[in-house]
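[1] here are the coordinates; sequence isn't available:
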């Protein structure tokens with residue numbers, strides 16, 4: 001993937017040297033859906049960066065001013081023309097509009113370059129910030145999956161199931 005530049009950000013593939021920044025937000029994932037990505041140390045972060053560098057699935061989001069990785073956006077194609085999308089950002093950069101700026105750039109890329117027809121995202125019912133971002137991006141809430149998935153267990157080892165919402169947008173809606 002070629003880098004995508006916005007007013008304040010560069011979206012690019014992960015590369016060597018990104019491990020400390022990735023570790024900064026994956027040592028304590030904020031959303032339950034990212035618990036499986038939790039990193040225990042810098043060596044694990046370096047291995048994850050190596051894995052991510054071989055694919056366009058996870059895209060590093062960097063500040064143009066410093067080059068620092070502050071999060072990532074991701075997309076997984078589902079042939080023939082649908083992509084699941086999402087984002088994960090360092091909490092230290094929350095509230096500045098970076099996630100929205102990065103997601104808009106990703107959506108533009110997927111709709112124009114990749115010719116996606118439909119994008120969708122799953123968001124936990126408790127993740128209000130991501131729900132708001134989906135809505136700001138023009139995505140519509142398509143449904144609520146009750147006790148859809150479990151990312152963690154309770155004290156007795158039983159799965160804790162979470163309600164999950166699905167948001168989506170079509171290319172024709174994005175253009176409008």
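    Looks like it arrived, so ask away. Quick caveat: nothing in here was measured; it's all calculated off a predicted structure.
[2] Give the pairing partners of the longest strand seen in the chain; include direction for each.
    Ranked by residue count, the top strand of the chain under DSSP state E comes out as strand 140-153. Strand 140-153 pairs in its sheet with strand 159-170 (antiparallel), by DSSP bridges.
[3] can you tell me the average pLDDT over the longest strand of the chain?
    If you average the pLDDT over strand 140-153, you get 89.
[4] can you list contacts of the longest helix seen in the chain?
    The residue-count maximum for a helix in the chain (DSSP state H) belongs to helix 98-112. With Cβ atoms under 8 Å, 6 or more residues apart in numbering as the test, helix 98-112 has contacts from 4, 6-9, 11, 59, 61, 70-71, 73, 75, 83, 85, 87, 89, 116, 119, 133, 136-137, 169, 171, 174-175. Glycine gets a C-beta too; all of them are placed from N, C-alpha and C.
[5] Can you point out the buried residues in the longest strand of the chain?
    Within strand 140-153, the residues scored as buried using 16 or more other Cβ atoms under 10 Å are 148, 151.
[6] How about stretch 129-142?
    Those would be 130, 131, 133, 134, 137, 139, for stretch 129-142 by 16+ other Cβ under 10 Å.
[7] Does the third one lie in a helix or a strand, and which?
    Secondary-structure element containing residue 133, defined by DSSP states H and E: helix 128-136.
[8] quick one: that helix to strand 159-170, angle?
    Counting by axes from the mean of the first three to the mean of the last three Cα atoms, to 10 degrees, helix 128-136 points 20 degrees away from the direction of strand 159-170.
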